[in-house]
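Output the structure for:
(2 chains)
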Amino acid sequence: MKKDVQLDLISYDRLSEMTSMEKVRLILDRVQDGSIVILERGLTPEEEATLIEYTMTEIADDFPGIEIESYPSEGRKSWLGKLLGKGIVHQPRLTIIGPANELKTVSKERDFISAVISMEDK
Amino acid sequence: MGIFKKLRLNVSSLIKKIFRKGTTRIGIYGPPNAGKTTLANRILRDWTDEEETFGDTSHIPHETRRAMRKNGVVINSNGGMVELDIVDTPGLATKIDFHDFMKHGLKEEEAKQRAKEATEGVIEAIKWLDDLDGVLLVMDSTEDPFTQVNVVVIGNMEARNLPLLVVANKTDLVSSAPQRIATAFPQHPMVAISALEGENLDELYEAIAERFG
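Residues are numbered from 1 along each chain as shown, chains lettered A, B, ... in the order given. Predicted structure coming up:
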């Protein structure tokens, strides 16, 4: 029996207007509803850590967590950052996030990600 | 070594000496079953007289579900010395399915309890990132290194401008391929070891003293 998969593609413009918490909430709500979320540009490392943290609080028998994949982000250090000993500023890249029981990564390399989406009839 | 590099190292070493804290607090991070606690126990055995270990190890993922700290571990290696507070953290994961624990023979109730504790452990590990001076990121060298968990830990340490040492563990296994890890994260130093068999630990201790000292 056929079952539809909803893909939500969220633009960088839309995401850049949101606070970190709003981004995390938006992603988690959609993923818990069964959508596969694709971000034109992903989250910062700090936001990804927050996403994992909030995912953990919502794990239940029917929600085992998320699968998240993106290319390694490109880090840049400004001359001012170097002078002040600041860390690398990461430029997030395309990211795919889905429920762990539906989205599975087949293989991942620095520049190539292969994943499958499989849904069971409930 | 160029004159500017020498100058930078001298200034950096002087600053470290002036503002030196008693110890450097490092966290041992990585995905579940990478061998973090095996390594943490090995470090304790090699450098302290303590009988007590960080905890038990197991082939079932998420054996460590609470972060454990041991203070004042002094490592002397090749002229370098560092005093560490070591935090062994629970394995980081984006998903925890109790069914996976049942495949390892746990009963449903035990599996659900383990899953609940494991989720708390992941949160604890993430919270610890704010209170560290550096990270030993342990990866299973038989596995694909490009997991999002590894990327998140590396990204967070880079954003905080804190030192990181990648440990490619399980070199005693036939399918071990530490070079894959070195290629995946070329911007960070890597040491290939077997924490279980004690292989190449001298090189690891030297790198720890140099990186975190």
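
and after the worst-scoring helix or strand of chain A on mean pLDDT, which helix or strand comes next?
Within chain A, no helix or strand scores below helix A:79-84, which has a mean of 65 by mean pLDDT, DSSP states H and E. Where DSSP states H and E defines the elements, the next helix or strand beyond helix A:79-84 is strand A:89-91.

quick one, what contacts residue 31?
No chain specified, so I'll use chain A. A:37, A:66, A:97-99 (Cβ atoms under 8 Å, 6 or more residues apart in numbering or on different chains). Glycine gets a C-beta too; all of them are placed from N, C-alpha and C.

think we crossed wires, I meant chain B
Here B:Pro31 is in contact with B:91-93, B:139-140, B:143, B:147, B:149-150 (Cβ under 8 Å, 6+ apart).

and if you look at B:Leu173?
Contacts of B:Leu173 (Cβ under 8 Å, 6+ apart): B:141-142.

Using the three-state scheme, assign it.
coil (DSSP: H, G, I helix; E, B strand; the rest coil).

and it, how far is that from B:Phe54?
22 Å (Cβ to Cβ, to the nearest Å).

Ok, B:Val153 next?
From B:Val153 to B:Phe54 the distance is 19 Å (Cβ to Cβ).

Of these two, which one has the most company?
The neighbour count for B:Val153 versus B:Phe54, taken as other Cβ atoms under 10 Å in any protein chain shown, is higher for B:Val153 (28 against 24).

measure that one to chain A for me?
Distance of B:Val153 to chain A, computed by Cβ to the nearest Cβ, to the nearest Å: 8 Å.

I'd say that residue and B:Ile28 touch.
No. Using Cβ atoms under 8 Å, B:Val153 is not in contact with B:Ile28, being 10.8 Å away.

what residue is smack in the middle of chain A?
In chain A, the residue lying closest to the centroid (Cα atoms, centre = their mean) is A:Ile97, at 4.4 Å.

closest to chain B among the contacts of A:Val31?
A:Ile66 (5.1 Å; Cβ to the nearest Cβ).

Does B:Phe212 touch B:Thr23 like I think?
No. The pair B:Phe212 / B:Thr23 is not scored as a contact, 9.7 Å apart, by Cβ under 8 Å.

shared neighbours, the two?
By Cβ under 8 Å, 6+ apart, the residues touching both B:Phe212 and B:Thr23 are B:Leu84.

From A:Thr57, how far off is the closest residue to A:Gln32 other than its chain neighbours?
Using Cβ to Cβ, 6 or more residues apart in numbering or on different chains and skipping the chain neighbours, the partner closest in space to A:Gln32 is A:Phe63 (6.0 Å). Separation of A:Phe63 from A:Thr57 (Cβ to Cβ): 11 Å.

Of these two, which one has the most company?
With neighbours defined as other Cβ under 10 Å, A:Phe63 and A:Thr57 compare such that A:Phe63 has more, 18 against 11.

Could you tell me how many residues sit around B:Ala115?
Residues contacting B:Ala115 under the criterion other Cβ under 10 Å number 24.

element containing it, please.
helix B:108-128.

do that helix and chain A meet?
Yes. Judged by Cβ under 8 Å from any Cβ of the partner chain, helix B:108-128 and chain A are in contact via B:112, B:115, B:119-120, B:122-123, B:126-127.

Next, the contact list for B:Leu39, please.
By Cβ under 8 Å, 6+ apart, the contact set of B:Leu39 is B:28, B:136, B:138, B:167, B:169, B:193, B:195.

Off-centre distance for the helix or strand hosting it?
For B:Leu39, the element it lies in under DSSP H and E is helix B:36-47. The chain centroid and the centroid of helix B:36-47 are separated by 11 Å, computed with Cα atoms, centre = their mean, to the nearest Å.

for stretch A:36-50, same thing?
So, by Cα atoms, centre = their mean, the centroid of stretch A:36-50 is 4 Å from its chain's centroid.

can you map out the strands along chain A?
Under the criterion DSSP state E, strands of chain A are mapped to A:7-10, A:36-39, A:66-70, A:74-76, A:89-91, A:95-99, A:103-108, A:113-117.

Could you tell me the least trusted of these?
Ranked by mean pLDDT, these end with strand A:74-76 at the bottom, a mean of 67.

Fine by me, thanks again.
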